[in-house]
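A.B. asks: Need coordinates for the following:
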Amino acid sequence: MPTAPRRVVLAANSAWNIVNFRSDLIRALKAAGYEPVVIAPADPAAEPRLAELGVNRIAIDMQRSGLNPIADFRLMRTYRRLLGKIRPIAFLGFTIKPNIYGGIAARRLGIPLIANISGLGTVFIKRGLLLALVSRLYRFALKRAAVVFFQNPDDRALFIERRLVSDAQARLLPGSGVDLDHFRPMPPATGLTTFLFIGRLLGDKGVWEFVQAARIVLADIPGVRFQLLGPLDEGNRSAVTRDDLDRWVAEGSVEYLGATDDVRPHIAQATAVVLPSYREGLPRSLLEAAAMGRPLIATDVPGCRELVEPGVTGFLCQARDSNSLAKAMKNMMKATAGERAQMGLAARAMVEQGYSQTVVISAYLEALGKLDAPRS
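C.D. replies: All right, here's what the predicted structure looks like:
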């Protein structure tokens, strides 16, 4: 008799998330004999890359931000209907709504959940009544999860403290990992000092502070370049608008490089990569920059502070503080070329020692291997 397909569902709030962060995991799953199925909202820019990966693809509607009870109930029913048809051996969730509503659907169908808490997002940053509601939803969705992966110890400790997960469920991962062969060390950049931000253009990523810090630095030191690389995400509640972006470019504070599938050429031309985020899981942008031997500037918050040892791999600054960020940038400029090169070497050594994507892929394969065989 033919063997039943070993289907594994990967779900996120965007196809962009899957193709940018999970492509190598998908390839590893296929190589191990699993049949990946991707469930995420439609994204014309990401669909060709999903097709190249050769996965089963199901597009769904999702309101990525906010809590609309009717829309979210429909989302949960959609997950339940699809999972009931697919009957995967596991449901892998990567962002808040798939983890919660997909997790609830999987729990009710007896399908093992492997959740990845890749960052706590705006809800946990701003707190309030919405946090209490989201916490209750997480607690219910994750109660019987097979594994809940966290990307930094602060997030793991917070979920255990709030009793959203048990200590036995919670495991640490080095983010989504980094391909050390793809992101190779590059010689230090020459020419004008260039500070590069990589990520979605969101207030919670510290974009406003980056722009204001650029103004502060340029008032004292003309000729420094400040670059933004990443997509606008105007569906997000903390999104930067196109009008904001156009105004910043027109005034000469920053350059906008657009979005790209390959950040390496831009990292290679940067003096340092900057992420003034309010909170992260473990940012891929900093991992990739470190792998290419670039010094880092980031906020002293969960997910960022793990990657920046002050004076060794870069500099830390305070969150929501453009003056503190400007000071860190000036400190980077005061360092000699040799000192910055040494920071880059230390950053590369850091990712080699503990942040390879092979660690992440192995953790997922190990978790899947412990699950019961699928029903025929």
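
A.B. asks: what's the pLDDT at residue 3?
C.D. replies: You'll see residue 3 listed with a pLDDT of 49.

A.B. asks: what's the answer for the one 3 residues further on, then?
C.D. replies: On pLDDT, residue 6 comes in at 92.

A.B. asks: Also the one 4 residues further on?
C.D. replies: The per-residue pLDDT reported for residue 10 equals 98.

A.B. asks: what kind of secondary structure is the nearest residue to it once chain neighbours are set aside in?
C.D. replies: Among residues not flanking residue 10 along the chain, residue 92 sits closest, at 4.8 Å (C-beta to C-beta, 6 or more residues apart in numbering). (C-beta placed from N, C-alpha, C; glycine too.) Judged by DSSP: H, G, I helix; E, B strand; the rest coil, the three-state class of residue 92 is strand.

A.B. asks: Enumerate every residue touching residue 92.
C.D. replies: 8-11, 114-116, 364 (C-beta atoms under 8 Å, 6 or more residues apart in numbering).

A.B. asks: Name the member of these with the most neighbours.
C.D. replies: residue 11 (29 neighbours; other C-beta atoms under 10 Å).

A.B. asks: Enumerate every residue touching it.
C.D. replies: 38-40, 79, 91-94, 98, 102.

A.B. asks: And those residues, which is closest to residue 221?
C.D. replies: Residue 221 has its nearest neighbour among the contacts of residue 11 in residue 94, at 40.4 Å by C-beta to C-beta.

A.B. asks: which residues does the closest one contact?
C.D. replies: 10-12, 17-18, 21-22, 116, 118.

A.B. asks: Among these, which lie within helices?
C.D. replies: Using DSSP state H, the members of those that fall within helices are 17-18, 21.

A.B. asks: Is it possible to get CSV of the residues you listed that adds distance to residue 48?
C.D. replies: Formatted as CSV, those follow (distance: C-beta to C-beta, whole Å):
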residue, distance to residue 48
17, 16
18, 13
21, 17
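
A.B. asks: ok, back up a step: give the bridge partners for the residue nearest to residue 10, please.
C.D. replies: residue 10, residue 114 (DSSP bridges).

A.B. asks: Could you count how many residues lie near residue 321?
C.D. replies: Residue 321: 18 surrounding residues under other C-beta under 10 Å.

A.B. asks: same deal with residue 77?
C.D. replies: Other residues close to residue 77 by other C-beta under 10 Å number 12.

A.B. asks: quick one: it and residue 144, what's the gap?
C.D. replies: Computed as C-beta to C-beta, to the nearest Å, the residue 77 to residue 144 distance reads 20 Å.

A.B. asks: same deal with residue 290?
C.D. replies: Residue 290 is 36 Å from residue 144, by C-beta to C-beta.
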